[in-house]
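1. Please work out how this folds:
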Amino acid sequence: MSTANYKTPGEIVGKSYDYIAGPGTYLNNNTIYACVVGIRRVIPSPPKAEDKRPTVEVVKEKEHGPVPEPGAIITARITKVMVRMASADVICVGTRAVKEKFTGIVRHQDVRATEIDKVDLHTSFRPGDIVRAEVLSLGDARAYYLSTAKNELGVVSAESISGTTMVPLSLTEMQCPLTGQIERRKVAKVV
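-> A predicted model of the protein is given here:
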């Protein structure tokens, strides 16, 4: 990328007698200025256009969303539950939605702080559950390592078999308000 084409707000990108002001620009006293950070582009005028001047625009670079980092509290959707771990797709970092796809893993030993040897991932999470978790580390090349070991971490929203949003009863149980069926989960304590 040439730095000559990289523009910041207030920089001159052209004159109005040479160009038509396009997106990402504004016109003031026959001078066209950038109003966003991005790349200056010139678009030729359409062949049948009355005004033969090309359009100058400043195109924003792709904006990056928040990135999970160790210690961050994230919200994720459980995608797969196995014997030793559960996979999840990160939805939010803190209160900000992510723009890229990040995958996390809650390992067997990171589900809760006590009685780790008694943890059964299939009764802690189900695919589709929304969980609040803490990022432990960057993990491996495929996924972040997540923890739900604190009381305020765990399942925050889950659907019952009937498709109804369940209500938490305790730190280990949720109930379907429609059928009354109780399902086991690692429930996040309401803060």
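2. Tell me what R132 is bridged to.
-> The bridge-partner assignment for R132, based on DSSP bridges, gives T75, G154.
3. residue contacts, it?
-> I73, I74, T75, T148, E152, L153, G154, V156, A188 (C-beta atoms under 8 Å, 6 or more residues apart in numbering). Glycine gets a C-beta too; all of them are placed from N, C-alpha and C.
4. Kindly state the domain boundaries assigned to this structure.
-> Domains of the chain are assigned by automatic domain parsing as 3-60, 73-153.
5. Selecting buried members of the contacts of R132 in ChimeraX, what would you type?
-> Buried members of the contacts of R132, defined by 16 or more other C-beta atoms under 10 Å, are picked up in ChimeraX with:
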select :73,74,75,148,153,154,156,188
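6. Can you add pLDDT and distance to Y26 and give the contacts of R132 back as CSV?
-> As requested, those are exported to CSV (pLDDT from 0 to 100; distance: C-beta to C-beta, whole Å):
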residue, pLDDT, distance to Y26
I73, 94, 40
I74, 95, 39
T75, 94, 38
T148, 94, 49
E152, 93, 47
L153, 94, 47
G154, 93, 50
V156, 93, 44
A188, 91, 47
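7. so which of the contacts of R132 would you say is closest to F102?
-> Using C-beta to C-beta, I74 comes nearest to F102 of the contacts of R132, at 8.2 Å.
8. Where does E152 sit: helix, strand or coil?
-> Using DSSP: H, G, I helix; E, B strand; the rest coil, the structure places E152 in coil.
9. List the residues that contact L27.
-> L27 is in contact with S16, A21, Y33, counting by C-beta under 8 Å, 6+ apart.
10. Can you mark which positions in whatever helix or strand the last one lives in are buried?
-> For Y33, the host element (DSSP states H and E) is strand 31-34. The neighbour-count criterion (16+ other C-beta under 10 Å) identifies I32, Y33, A34 as the buried residues of strand 31-34.
11. Would you list the strands that that strand pairs with, along with their directions?
-> strand 12-15 (antiparallel), strand 25-28 (antiparallel).
12. Pull up the gap between the residue lying farthest from the centre of the chain and G14, please.
-> Note on the chain: the largest C-alpha distance from the chain mean falls to E50, namely 44.8 Å (C-alpha atoms, centre = their mean). For E50, the distance to G14 equals 19 Å [C-beta to C-beta, to the nearest Å].
13. which regions of this structure sit below the pLDDT cut-off?
-> Scanning the chain for pLDDT under 70 picks out 1-4, 62-63, 191.
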